[in-house]
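# Provided below are the primary sequence and the corresponding predicted coordinates.
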Amino acid sequence: MGFSMLWPVFKQMFKKPWTNKFPAKYQPNNTTKYLADVAAGKAKINPPVPTPEGFRGKIVYDTEKCIGCKLCIKVCPCGAIEFKEKEKKVKFYLSRCCFCSQCNDVCPVKCISMSDEFLLSDADPYSKDLIVE
Amino acid sequence: MSAKKTEKTEKMLTPEEVVKYFKDEFKTKIKSAEIKRRTTGSKKKEFVNIWIKIDRSIFKDFVKHLCNLTYPHLAVACGNDLGKTIELVYNFSIYYGNHLEELSLNVSVDVPKAKPEIETICDWIPGALITEREKQEMLGIKVIGIPDERRLFLPEDFPENVYPWRKDEQTKKELEKLYKNLHEGAKKK
Amino acid sequence: MSKETTQTTYQIPIGPIHPSLKEPVMFKFDIDGERIVDVDVELGHVHRAIEWTGMRRNPIQIIYLAERICGICSFVHPLAFCRAVENACEIDVPERADYIRVVHGELERICSHLLWAGVAAHEIGFDTVLFLTWEVREKALDLTEYLTGNRVTKAILTIGGVRRDIKKEHHAKINETMASLKEGYKKLAHAFLDDKTVKMRSKGCGVLTYDDALKLCAVGPTARGSGVKKDVRADQPYTAYGDIGVDYITPDVLTGEVNGDVYDRIIVRLLEVKQSIDLIEKAIDQMPAGDIVSEPKIPKLLNQIKKIEGEGIGRDEAPRGEVIHYVKFDGKSETPYTWKVRASTYANVLPWIPMLKGDQIADIPIVAASTDPCMSCTNRVAVINNATNKNYMLNKETLHNLSVMKTRRMIH
């Protein structure tokens, strides 16, 4: 019978755990109170592991540069982009977006880019934070 | 029928010889044969695809003749709806196991929509069962002699006689009833 | 069962969703005591009509649809589709793009096999090995995120090449990850291949003979574990594998004999991890300079595809076996006329039947997991005992415990 796993298991007792304790070390008893404390500056949140360069996060859209060519709408696989006829600009619905950044690649004037923001969950899919225009 | 492959003693034919092997046996029933070569990588290694169109009457004998040459690997059978006929493309590959010598052999058979029937090849290649069952339910082809003719992927309550891969108007209407357009609804508030 | 009944076998349905089966599949077993007498397989529970959806979109949109066919084979499906379109339209891929495709394909193979090794250890009952394996896998996923922007849905392919380059500043992190993966591989090889318990538990169960593997068209490590030499990377040159050179990995490379059981498949997958690490290093060394995509402007590419009339096939080797895509264009629009996908697990479904006949119920999780089907879910199993007319439920924990208890019985 092999005792081959005993040594690595023994070593584990002295190693620091790998987990990054985001957002807090232990689950708070009252989550809303904890979030209110953080907003008031009384408690801190451990930051998440930093994202690498080139991470595909939330879309950043520069309205001034957009020329209304509609190429991004043609290549979007999810149908997350809508064209605003009167102003000739576009509107992104992030609850549909799959973050492939194909719109970023195809745009001829480079008015779309991807930031490193990924904490985007929300209860309402059409809230203001999830619509970029 | 033996499925043994003796790799070391097997003599491998070139693509042109393979086409000749079938043309000698079946003569005019082979409607066309095309060999496509493409290269890849820095050293421009070549890979070969052979596309053969045959008549429906010799299909089973063709597969038997192929098994006599070397036991093939059946990847999948694809189907195209071309209006009056349905074209089935069986993708075989032969001479696997030898480094960089495999040939892809694609056999197309045309089946008229009025009488969509084809023979099974499960007695030569038992692994063809799954792909034949899929063609039966998706395109409405009747496979004669299939050992197990139940539905494979579609649910039990999917309507009979509606074949999703066909492109005629009646199928489109039936499918529109089942398919709810996701772009309507709450998105454009 | 000592009463006078004419039926001595009873039926257990397992599925459609079950912990050790990674795809929702319905099994119906005929059981006599503890031995399995007959197996029936029913599919179709996650049929999402992807091919039908794809026949309404242009090729750039289909790449992202193909990526989501399977979470862990999320590089090979777009690659097969892009190669099918490139073969149909006769688009040539630049050499540098071919080498970058090799690097990403092999990185995905490492992540997939390490995940599988952890799950196999869990089914046998070694939870410690599960966590150690997945810790090694985290390093490979971090490298994927660094190179492509996301851990799972890579979005790195396009028709005619790749979207992101591997530059000199990336080499440092790649070399560091490869070094730590080699360390991790040594630990894993020691934990799986040198351990007597794993051998006792997995030898002799789930046997697939050479003849059966050939006749049922099995692919991937399922076929190679039975001695059949089928590997698309070594059979047909695609991307840069023809230049670098790949060998067939069958169990006799390590042990000298081929039995076709679960232990042989463990050997094949672990040796493939080592092979992938070597292939990535060779690809990085031999990468030529040049473009990474043949046509960078997408509207031009779509116009080119619109005029083509023809059909093409793309085949490549996923971690689970051969994947083939077929595309047909009719020259009138850029939407393909037909798109057919055959993922590797559908060819590995029929081999389940000869593998499971003759085994015990407690072997079902490890044998089903040894062919490495694709996702993981939970549900319960209903057992109907015809002889006594009693129904009772076996839930997920009980079935897993049956497997773990068998291991403990064998140790003592």
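On my side now, so go ahead.

# contacts, neighbours, all on C-alpha from now
Will do.

# So, low pLDDT: which residues of chain A?
Scanning chain A for pLDDT under 70 picks out the ranges A:1-5.

# ignore the last one, chain B
B:1-10, B:178-189.

# Just the helices from it, written as ranges.
B:15-26, B:59-69, B:129-139, B:169-178 (DSSP state H).

# So is the second one next to chain C?
Spelled out, that is helix B:59-69. No. Helix B:59-69 does not reach chain C (Cα under 8 Å from any Cα of the partner chain); its nearest approach is 11.1 Å.

# can you give me how far that helix is from the chain middle?
Distance, stretch centre to chain centre, for helix B:59-69: 14 Å (Cα atoms, centre = their mean, to the nearest Å).

# Check the shortest one too.
Going by Cα atoms, centre = their mean, the spacing between the C-alpha centre of helix B:169-178 and its chain's C-alpha centre is 26 Å.

# check whether it contacts chain C.
No. Helix B:169-178 is not in contact with chain C by Cα under 8 Å from any Cα; minimum separation 10.7 Å.

# ok, residues contacting that helix?
B:162-164 (Cα atoms under 8 Å, 6 or more residues apart in numbering or on different chains).

# could you pull out the strands for chain B?
In order along the chain, chain B carries the following strands (DSSP state E): B:30-40, B:45-54, B:73-81, B:85-94, B:103-112, B:117-119, B:142-144.

# Can you tell me, leaving aside adjacent residues, what's nearest to residue 116?
Because you didn't say which chain, this covers chain A. Sequence neighbours aside, A:G57 is the residue nearest to A:D116 in space, at 4.7 Å (criterion: Cα to Cα, 6 or more residues apart in numbering or on different chains).

# let's do chain B instead
B:I141 (5.1 Å).

# mind listing what the one you found touches?
B:I141 neighbours (Cα under 8 Å, 6+ apart): B:116-118, B:135.

# for C:G149, what are its contacts?
A:52-56.

# Turn the helices of chain B into a markdown table, columns for mean neighbour count.
Shown next, in a markdown table, are the helices of chain B (neighbours: other Cα atoms under 10 Å in any protein chain shown):
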| stretch | mean neighbour count |
| --- | --- |
| helix B:15-26 | 15 |
| helix B:59-69 | 16 |
| helix B:129-139 | 21 |
| helix B:169-178 | 12 |
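
# and of those helices, who's closest to C:D261?
helix B:129-139 (23.6 Å; Cα to Cα).

# for the stretch 251-400 of chain C, what spans make up the strands?
C:309-318, C:321-330, C:338-342, C:381-385, C:390-394 (DSSP state E, counting those that start in this stretch).

# Compute the inter-axis angle for the third one and strand B:73-81.
Just to be clear, that refers to strand C:338-342. Put simply, strand C:338-342 runs at 150 degrees to strand B:73-81, going by axes from the mean of the first three to the mean of the last three Cα atoms, to 10 degrees.

# One more: the first one?
Counting by the same axes, to 10 degrees, strand C:309-318 points 150 degrees away from the direction of strand B:73-81.

# Tell me which other helices or strands strand C:309-318 touches.
helix C:76-89, helix C:232-235, strand C:321-330 (3 or more Cα pairs under 8 Å, 6 or more residues apart in numbering or on different chains; DSSP states H and E).

# Equivalent analysis for the third one, please.
Under the contact criterion of 3+ Cα pairs under 8 Å, 6+ apart, strand C:338-342 touches strand B:73-81, helix C:50-54, strand C:321-330.

# do the last one and chain B meet?
Yes. Strand C:321-330 lies within reach of chain B by Cα under 8 Å from any Cα, at C:324, C:326.

# Run through the stretch 251-400 of chain C and note the low-pLDDT ranges.
Across the stretch 251-400 of chain C (using pLDDT under 70), the flagged ranges come out as C:373-400.

# For it, what lies in contact range of chain B?
So far as Cα under 8 Å from any Cα goes, the stretch 251-400 of chain C lies against chain B at C:324, C:326, C:338, C:340, C:342, C:346-347, C:350.

# again, only this time at 10 Å
Residues of the stretch 251-400 of chain C lying close to chain B (Cα under 10 Å from any Cα of the partner chain) are C:286-288, C:312-313, C:315, C:322-328, C:337-344, C:346-351.

# now the residues you listed: which count as buried?
Neighbour counting with 16 or more other Cα atoms under 10 Å in any protein chain shown marks C:287, C:312-313, C:315, C:322-328, C:337-344, C:346-351 as buried within those.

# Leaving out chain neighbours, which residue sits closest to the spatially most central residue of chain A?
Central residue of chain A (Cα atoms, centre = their mean): A:F118, 1.3 Å from the mean position. Counting by Cα to Cα, 6+ apart, the nearest residue to A:F118 once its immediate chain neighbours are dropped is A:G57, at 5.3 Å.

# Contact residues of chain A facing chain C?
Going by Cα under 10 Å from any Cα, the residues of chain A near chain C are A:1-5, A:8-9, A:18, A:51-57, A:71, A:74-79, A:98-102, A:105-108, A:116.

# Give me the buried subset of those residues.
Counted by 16+ other Cα under 10 Å, these give A:51-52, A:54-57, A:74-79, A:98-102, A:105-107, A:116 as buried.
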